[in-house]
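Student: what would the 3D arrangement of this be:
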Amino acid sequence: MNRQIKKIYRYFSHLLRVRLSKVQYMMVVSVIVGLVSGLAAVLLKTLVHYVQHWIAIIPVSRFSYLLFPAIGLILTVFVINHFLGGALEKGIPMVLKAIARKSSFIPLRHTYAHIITSSLTVGMGGSVGLEAPIVATGSAVGSNIARLHELNYRERTLLVACGAAAGIAAVFNAPIAGVIFAIEVLLTDAIVVSYFIPLITATVTGILCAKVILNESILFNFTLKQNFNYYNTPFYILLGVLAGFVSLYYARVYKKTEVYIHHRKMNAYVKAFFGGLLLMGIYFLFPPLFGEGYEHVKVIANDSMDSVSDNTTILSYLQKEWGIILFTGLIVLMKPVAAGITNGGGGNGGNFAPSLFVGSYLGFFFSKLCNATGWVKLPEGNFSLVGMAGVLSGIMYCPLTGIFLIAEITNGYELFIPLMIVSSIAFFIVKQYERYSMDTKQLAEEGQIFTHQKEKNILTTIRLQDMLQDNYDTIMMDKKLGDLVDLVKRSEKNIYAVVDKNEKFTGIIELNDVKQKLFEPQLFDAISIKHLMKKPPAVLYDDENMLSVMNKFDVSHSWYLPVLTKEKNFVGFISKTKVFNKYREILAEQGDLY
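Tutor: Numbers count the residues shown, from 1 in each chain. Now for the predicted structure:
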């Protein structure tokens, strides 16, 4: 049945391809990607909304909700182990790795796996967000639709970005933010003007799905109560600085917590239960950390927080205003711990929503603290919204996305100036300490994903094995000059590898170094290869990436370097000229799509 449906789909796809121009065809396919990704985002958001609504109305006890995070983690682990092969690559790093290392091919299971697992994790109270799973799902949708339409690598990559953009746009009702997120985070390698139209088409389609299907109360939006007052600019600058250092704090605490939980030597289900118990204690002390936390963000950003939801009642001994300040400050510090426990314990979620959550509480904490002094009156709702953009920029390394996202969800650009100030300062501070975001740092340093460094991205796509020239002759080190002369007569090469009796590489011989001796027959039996060979200026290994290869070429100033296995067996030579030619070929292909 599935094969028949696929056959019919490809038949209509072929008809479209024949009748439409390439531009028109890509527009149609981007609409399909936007539609499916938008529906996936709507499905995930709706599932989580109703699961959390069901948990909220359970009549057993007002603390019964504390049990559900452990249940959610255990169910997530069960689904991954029994239905998804025991492992699931998660979030934005998975998409970036697929673009750089897997020709933008994302397995079909990612179109549904993240919907199921993240709805269990977040719906049951895991302290992470749905945006990363939505990005992964939308990207998988784009990749698999591109495969159905038999598109090339660059077109597949564009549709991967279209799916992610449509998902983000549908969740936040923010089309511009969706497009910019795709460009800023996913399409880091290259962007041309022709990419924008399919991206915009996909995001508009995704948003229409959300608007038609989703209840308005589920969508994440605000209405500004106060306009921007330029007299508050110094305080926005201070908030930007604070947001930068809080972003660093979040990244490091989250990573340490996640790694600590994830690498504990215990059964996966026991680990999930252990994580659930930790979350139970944290949620009892800080109830707003339960789930995504967007409902609490709305309270903060709408300047409606007038009490502390403190189950211990300890903070009730403080003056009300100072109790709220202390509580919100502790929330900022504890959110990365809760998020790290959730994902480390086996859950599936991202840091997009937690960064917005932390940013809103940070902005509220800062403005409330300033107002408590009595000599200034800052708009706490506005500072909460701007703080969201600042921390999002610092954690996810996407300042433009943060600026436009908050501008769009507040239905205007009144806060554009403070958004630009806070986001740019936070991003600048974080980049001084960490070159890459916490989610991509390891992959970026290993050359597994594309970064904003175009030269390195191109080198990442070149495989050492493709550049290897293995048709080079070798000569034993105990042979004589006469044997080398015989080899030269049969070969067109001007460089040879020397090996010992165990076939281990020992050195090289370049004809330029010995050409005078080749015309002296009396030396043919007098000089051994051992005395003619030399050590190469550098040695390459068959598992090295091209970044390392080019660094060795630059340092050694050589045009040919030998490639060995880890056991020191000679494999072949790599020519710097061949690598340069391949580099120029790839560069020439990166023009406009159309």
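Student: just the buried positions in stretch 543-552, please.
Tutor: Asn545, Met546, Val549, Met550, Lys552 (16 or more other CB atoms under 10 Å). To be clear about C-beta, it is placed using only N, CA and C from the backbone, and glycine gets the same treatment.
Student: how about the helix-or-strand element of the chain with minimal mean pLDDT: buried residues?
Tutor: Every helix and strand in the chain was compared by mean pLDDT, DSSP states H and E; the lowest is helix 454-461, with a mean of 72. For helix 454-461, the neighbour count (16+ other CB under 10 Å) marks Lys456, Asn457, Ile458, Leu459, Thr460, Thr461 as buried.
Student: where does the nearest residue in space to the fourth one that is not next to it in sequence land on pLDDT?
Tutor: Beyond its immediate neighbours in the sequence, the residue positioned closest to Leu459 (CB to CB, 6 or more residues apart in numbering) is Met546, lying 4.2 Å away. Note for Met546: predicted pLDDT of 83.
Student: could you check how far Met546 is from Arg463?
Tutor: For Met546, the distance to Arg463 equals 8 Å [CB to CB, to the nearest Å].
Student: the longest helix seen in the chain packs against which elements?
Tutor: Under DSSP state H, the helix in the chain containing the largest number of residues is helix 22-56. Secondary-structure packing of helix 22-56 (3 or more CB pairs under 8 Å, 6 or more residues apart in numbering; DSSP states H and E): helix 2-19, helix 110-123, helix 131-148, helix 153-172, helix 196-213.
Student: before we move on, the earlier item: next, the angle helix 153-172 makes with the least confident helix or strand of the chain.
Tutor: Orientation of helix 454-461 against helix 153-172 (axes from the mean of the first three to the mean of the last three CA atoms, to 10 degrees) gives an angle of 110 degrees.
Student: list the buried residues of the next helix or strand after helix 454-461.
Tutor: Later in the chain than helix 454-461, the nearest helix or strand by DSSP states H and E is helix 464-467. Going by neighbour count (16+ other CB under 10 Å), the buried part of helix 464-467 is Leu464, Met467.
Student: domain parsing for this structure?
Tutor: According to automatic domain parsing, the chain comprises the domains 2-213, 230-449, 458-589.
Student: what about Tyr531, how many neighbours?
Tutor: Quick fix: residue 531 reads His, not Tyr. 9 (other CB atoms under 10 Å).
Student: low-confidence stretches in the stretch 51-200 of the chain?
Tutor: For the stretch 51-200 of the chain, the stretches flagged by pLDDT under 70 are 59-61, 189-192.
Student: can you rerun that using 80?
Tutor: 56-64, 188-194 (pLDDT under 80).
Student: same check, this time on the stretch 351-500 of the chain
Tutor: 411-412, 445-462, 470, 492.
Student: taking helix 110-123 as reference, get the angle to the helix or strand that the longest helix of the chain is followed by.
Tutor: Note on helix 22-56: by DSSP H and E, the next helix or strand toward the C-terminus is helix 68-83. Angle of helix 68-83 versus helix 110-123, following the same axes, to 10 degrees, is 160 degrees.
Student: by contact count, what packs against helix 68-83?
Tutor: Packing partners of helix 68-83 (3+ CB pairs under 8 Å, 6+ apart): helix 110-123, helix 268-285.
Student: name the residues of it that are buried.
Tutor: For helix 68-83, a neighbour-count test (16+ other CB under 10 Å) marks 68-80 as buried.
Student: now do stretch 203-217
Tutor: Buried, per 16+ other CB under 10 Å, within stretch 203-217: Thr203, Val204, Thr205, Gly206, Ile207, Leu208, Cys209, Ala210, Ile213, Leu214.
Student: relative to Tyr560, which of the helices and strands packed on helix 68-83 is closest?
Tutor: helix 110-123 (42.5 Å; CB to CB).
Student: contact partners of that closest one?
Tutor: If you take CB atoms under 8 Å, 6 or more residues apart in numbering as the criterion, helix 110-123 is touched by 40, 43-44, 47-48, 51-52, 55, 72-73, 75-76, 79-80, 84, 88-90, 94, 128-130, 133-134, 136-137, 139-141, 144, 291-292, 342, 347-349.
Student: weed out the non-buried ones from those residues.
Tutor: Here, 16+ other CB under 10 Å leaves 40, 43-44, 47-48, 51-52, 55, 72-73, 75-76, 79-80, 88, 90, 94, 128-130, 133-134, 136-137, 139-141, 144, 291-292, 342, 347-349 buried among the contacts of helix 110-123.
Student: residues making contact with the least confident helix or strand of the chain?
Tutor: The contact list for helix 454-461 (CB under 8 Å, 6+ apart) reads 100-101, 188-190, 447-451, 545-547, 550, 583, 586-587.
Student: check stretch 412-424 too.
Tutor: For stretch 412-424, contacts defined as CB under 8 Å, 6+ apart pick out 224, 227-228, 230, 232-233, 236-237, 239-240, 243, 382, 385-387, 389-390, 392-393, 399-400, 402-403, 406-407.
Student: what subset of these is buried?
Tutor: Neighbour counting over the contacts of stretch 412-424 (16+ other CB under 10 Å) leaves 224, 228, 232, 236, 239-240, 243, 382, 385-387, 389-390, 392-393, 399-400, 402-403, 406-407 as the buried ones.
Student: now do the contacts for Leu468.
Tutor: Residues near Leu468 by CB under 8 Å, 6+ apart: Asp542, Val563, Val571, Gly572, Phe573, Ile574.
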